[in-house]
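Engineer: Next come a sequence and a model predicted from it.
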Amino acid sequence: MPIFSRIASIFRSLSQRKENEQELDQEVSSYLDLLTQEKIAQGLDPEEARRRARIELGGVDQVKEQVRQVRAGAFLETLLQDMRYGFRMLRRNPGFTAMVVLTLALGIGANTAIFSVVYGVLLRPLPYRDGQQLVVMKQEAAAAHVSNIPFSVKEILDYRSYNHTLQDVVEYHSMVFLLLGEDWAERVQTAVVSANFFDVLGVKPLLGRTFIASDESPNADAVLVLAYEYWQSHLGGDPNIVGKVFQMNNRPHTVIGVLPQIPQYPATNDVYMPTSQCPFRASPDMRDMRDHRMMAAFGRLKPGVPLQTAQADLSAVAHQLEATYPESYPKAYGFGIGVQSLQEELTHQARPTLLILLGAAGFVLLIACANVANLLLARLLKRERELAVRSALGATRARLARQLLTETILLALAGGAVGLMLAPPALQLLVKFAGRFTTRAAEVRIDGPVLLFTVVVSVLSGILFGLAPVFSSGRQVSDALKQSSGQTTTSRGRHRLRAALVIGQIAISFTLLIGAGLMIRSFLRLERVDPGFKPDHLLTLRISPSFTRYATPAQSLALSKNVLSRMSTVSGLESAALAGNFPFNPGGIVGGPGSNTFQIEGRLVAKGDLEPIVDTTSVSSSYFETIRQPLLRGRTFTDHDDGDTLKVAVINQSLAGHRWANEDALGKRISFDEGKTWITIVGVVGDAREYGFDHPPGDEVYIPVFQSGGGVGHLIVRSAADPTSFATVIRAALHEIDPQLAVDQVETIERLQADSVASPRVTTMLLGLFAALAVLISASGIAGVMALSISQRTHELGIRMALGQTKESILRMVVGQGLSLAVTGTVLGIVAAAALARLLSTLLFATSPTDIMTFAAVSLLFLSVATVSCFVPALNVTNIDPFTAVRQE
Amino acid sequence: MASEQTSLLQGTLDMLILKSLSAAELHGLGIARRIEQITQGTFQVKPGSLFPALYRMEEEGWLTSTWGESENNRRAKYYRLTKAGHRQLETETERWGRIALAIARALEAS
């Protein structure tokens, strides 16, 4: 039969359901009538004829049911009927329905929220043309354990010319410049890129054009491409922006284009300029010196080239360079190159955390399903007779199973819908959280694939928790019908199923609780780390002077002195300092410690051997006193440590211990320029956690700001009162000195310190939340099963009492049975947790994944919760009156 | 209702219903009796198989039905072959002939 007439007949039979039903009814009774007439004609008396006819027909309702099943659209019709029936059942039990929907909504909502992050960050294709072809290149020095050495201009040119596997190689670095409008100055984060940057990424401009090769030639006019966000927020989305001219680095820069709203890679920038325009990049030193490495490089694979092939190809180029320029690639460092897909590069930091959270959310949903399955099983006891009657009226087992599954899937979809409403608020928090690991967080949203996920998860959970009642509803019809109303006995199998569900729930929640416990313990340890200074009452501001106004070191130095002396006049400030970096500076945490090589006087390092590496920070004389970093030996800087006097340095305890373990570091001399100038160590200070709590203090050299070019960087002040209240005063004071000073990143160090542990904090909170949910759901599961089993055993317990067993001993017996489930679940949980906790180890700080304390504490907590949830329903036992109970049957 | 038996008999039952209606229109009981008669009692069609088959074949467009009076003045639903039904009967007959022949040969062989 052609498809359209089939569809037509489905519609017909659906729309004329009532008429069809009537006709079927008439036809079957007419058949019965005719059959009776036939029997009478054969000589039977009417009564007997009617009886035989009915036997021959075999049940009016059964025949009708069989016809209904073959009818076109029968499937749809049954579905609609089941759904109507299902809705009615759910409406009739609002408490049950609300309980189930809410439980599922929590589980499905959590999964939807986490999955949308996982999808947006890990799974969604990169928002660039053929994003899977994009690869990031990194130079490595395996022997020195450094895996992200930047590239020099020369190196990028070489890799671009000599490789065979990449379509092109892009050069990138980012700097802050001042953009001058007619009457304003603004710091702009500027990406300095090779002209092919946008073509390789496959990004088309929203307005105007992007760069072409001629823009990169040394004599070209200076041009700028604006990022969408900067154009919107700072230039009002001006549609006529193309062609406008701004001053930058003492040159006019013309805007040639605006980018579409895309996630920016490698970082979020305000404007883009070609490499020829950056004053640093364009200097002869930068262009010609192979060792001046400050660029990032990425490229696009030729179509069909696998990553391994590209890796081998680029390694060959690296070997060639090493052989040609041994001066630039000392053997001892083990130079090489690594290639990684951009997708991997962008997401590898977020992956472990996100997958663990997704797993935890999945566990919560499993527990929720087990709980709902248990509720359904309990309710099925009350529906047994209904099902038996339906089965007697011709419903097959498959038909009943379908009915039950339709109901559970309806429930699950309702749970999914409510969960979907819960997801967006949770998502806001999660996106902010994921933003700490990856720029892709901006792409997270609830869209088609996420909705599909939610629907699939809902239906699957519906089937999952629906299966238990379906499988256990296979009892003999006649048994159920024979039972007196209200009293049904549970089959052993079903009781065992419920016990298994509870044990599973307990085991999974226990595992989750261990995960949360480990994270909490690790987080407490992280927070208890001594930062090595006093972070309270400190305010920091970033100051960016115009490069053109303060071109010489003398000018910068004068500005620094000005700023510090002006601060001493602000009332309420205890002290003020300038520093290039400071502990918990977010910029510092992202960049990590510097790796400057230095030499120690009298300890010659053979040429080509690894030189000692140290991080350097330039600070003003008042720095250590301001942040209260303790001086251990010698002295800190004074205002006289400037360009005219002896070059001095303060080192931290870690460096002193590493390099001068058995002697006094004071008075020793070091050099950063291969012995041209020597710097004398005058003091040793305690170790501060410069790069965050989880970054153990490394070797540190502090240089007086007045001896290192006088740069300003960050102003740090200590106040007696709330430091945030000084922000306005300080800003005003700075603008009195120079109205064109750009002042931003105004934060208290306490706040930055809290921020630096925000991602472990949120991970801990989320895991804690999931675990709490799981325990709550499981506890209600235990209580529910206990209550049901007691109400079913009232008769038996009554007899026990009548025979003289005391209430206490009955209580002990009942609670003991409940607790045996809890203990079995906990033991399974300990085994599972010990196996799964290893997955957490990358997220843990100074905590073993099998930390005995955590396991012990969690077991104790868990068993007390289980005991309470066994006890509360068990107390009902004491209300049993043996006489009523025994007579109940 | 064992499903194995139904599927085995379904094609046969359809053909027998078509055949029974090829001469005249009949009501449900009439069809059952006619089949019994033409197969000399080999096939006794129960309402539980007959009605689903009738409804299915009507939906396929092989049969049409009208309500009418039975021989002893009872209301009954009468079935009649459509053109498509006649064609289907031819196809089925031909197909059955082929199968019967093939099976007969297969059994004679060896």
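Structural biologist: Thanks, I have it.

Engineer: Where do the helices of the stretch 251-400 of chain A begin and end?
Structural biologist: Listed in chain order, the helices found in the stretch 251-400 of chain A under DSSP state H, counting those that start in this stretch are A:284-288, A:307-324, A:342-347, A:351-392, A:397-434.

Engineer: next one: chain B
Structural biologist: Using DSSP state H, the helices of chain B run over residues B:3-20, B:28-38, B:47-60, B:83-108.

Engineer: So which of the helices of the stretch 251-400 of chain A is nearest chain B?
Structural biologist: Across those, chain B has its closest neighbour in helix A:397-434 (10.4 Å, Cβ to the nearest Cβ). In this view, the C-beta of every residue, glycine as well, is placed from N, C-alpha and C.

Engineer: and that closest one, what's its mean pLDDT?
Structural biologist: Helix A:397-434 comes out with an average pLDDT of 83.

Engineer: quick check: angle from it to helix A:351-392?
Structural biologist: Put simply, helix A:397-434 runs at 160 degrees to helix A:351-392, going by axes from the mean of the first three to the mean of the last three Cα atoms, to 10 degrees.

Engineer: Report the next helix or strand after helix A:397-434 in sequence order.
Structural biologist: Downstream of helix A:397-434, the first helix or strand assigned by DSSP states H and E is helix A:448-472.

Engineer: The closest residue to chain B within the stretch 551-700 of chain A - how many residues pack around it?
Structural biologist: Nearest residue of the stretch 551-700 of chain A to chain B: A:Asp694, at 65.3 Å (Cβ to the nearest Cβ). A count of neighbours around A:Asp694, defined by other Cβ atoms under 10 Å in any protein chain shown, yields 15.

Engineer: tell me the contacts of it?
Structural biologist: Applying Cβ atoms under 8 Å, 6 or more residues apart in numbering or on different chains to A:Asp694 gives the contacts A:Leu526, A:Val757, A:Pro760, A:Phe845.

Engineer: out of those residues, who's nearest chain B?
Structural biologist: A:Pro760 (59.9 Å).

Engineer: and the residue nearest to the closest one when sequence neighbours are not counted, what element?
Structural biologist: Excluding its sequence neighbours, the residue lying closest to A:Pro760 (Cβ to Cβ, 6 or more residues apart in numbering or on different chains) is A:Phe523, at 5.5 Å. Per DSSP H and E, A:Phe523 falls inside helix A:492-527.

Engineer: Just say helix, strand or coil for A:Leu578.
Structural biologist: Classification of A:Leu578 by DSSP: H, G, I helix; E, B strand; the rest coil places it in strand.

Engineer: which residues does it contact?
Structural biologist: A:Leu578 neighbours (Cβ under 8 Å, 6+ apart): A:Ser560, A:Val563, A:Leu564, A:Val619, A:Ser620, A:Tyr623, A:Val705, A:Val712, A:Gly713, A:His714, A:Leu715, A:Ile716.

Engineer: Identify the bridge partners of it.
Structural biologist: Assessed by DSSP bridges, A:Leu578 has beta-bridge partners A:Leu715.

Engineer: ranges for the helices of the stretch 551-700 of chain A?
Structural biologist: Using DSSP H, counting those that start in this stretch, the helices of the stretch 551-700 of chain A run over residues A:553-567, A:586-591, A:623-627, A:653-659.

Engineer: And the residue positioned nearest the centre of chain B, how far from A:Leu179?
Structural biologist: The residue lying closest to the centre of chain B (Cα atoms, centre = their mean) is B:Ile17, at 1.5 Å. In this view, B:Ile17 and A:Leu179 are 88 Å apart by Cβ to Cβ, to the nearest Å.

Engineer: Any chance of the contacts of A:Leu578 in CSV with pLDDT and distance to A:Ala398 as columns?
Structural biologist: CSV is the format used below for the contacts of A:Leu578 (pLDDT from 0 to 100; distance: Cβ to Cβ, whole Å):
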residue, pLDDT, distance to A:Ala398
A:Ser560, 89, 84
A:Val563, 92, 83
A:Leu564, 91, 85
A:Val619, 92, 79
A:Ser620, 91, 83
A:Tyr623, 94, 79
A:Val705, 87, 83
A:Val712, 68, 80
A:Gly713, 83, 75
A:His714, 91, 73
A:Leu715, 93, 77
A:Ile716, 94, 75
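
Engineer: By neighbour count, which of those residues wins?
Structural biologist: Counting neighbours by other Cβ under 10 Å, the top entry in those is A:Val705, with 29 neighbours.

Engineer: burial measure for the residue nearest to A:Pro760, as a count.
Structural biologist: Using other Cβ under 10 Å, A:Phe523 has 21 other residues around it.

Engineer: Which residues are in contact with the residue nearest to A:Ser708 when sequence neighbours are not counted?
Structural biologist: Leaving aside its chain neighbours, A:Ser708 sits nearest to A:Ser618 (4.1 Å; criterion: Cβ to Cβ, 6+ apart). Residues near A:Ser618 by Cβ under 8 Å, 6+ apart: A:Ala579, A:Gly580, A:Tyr702, A:Ile703, A:Pro704, A:Val705, A:Ser708, A:Gly709, A:Gly711, A:Gly713.

Engineer: for A:Ser618, which residues make a bridge with it?
Structural biologist: Going by DSSP bridges, A:Ser618 forms beta bridges with A:Ile703.

Engineer: From A:Ile651, how far out is it?
Structural biologist: A:Ser618 is 14 Å from A:Ile651, by Cβ to Cβ.

Engineer: joint contacts of these two?
Structural biologist: In terms of Cβ under 8 Å, 6+ apart, A:Ser618 and A:Ile651 are both contacted by the residues A:Tyr702.
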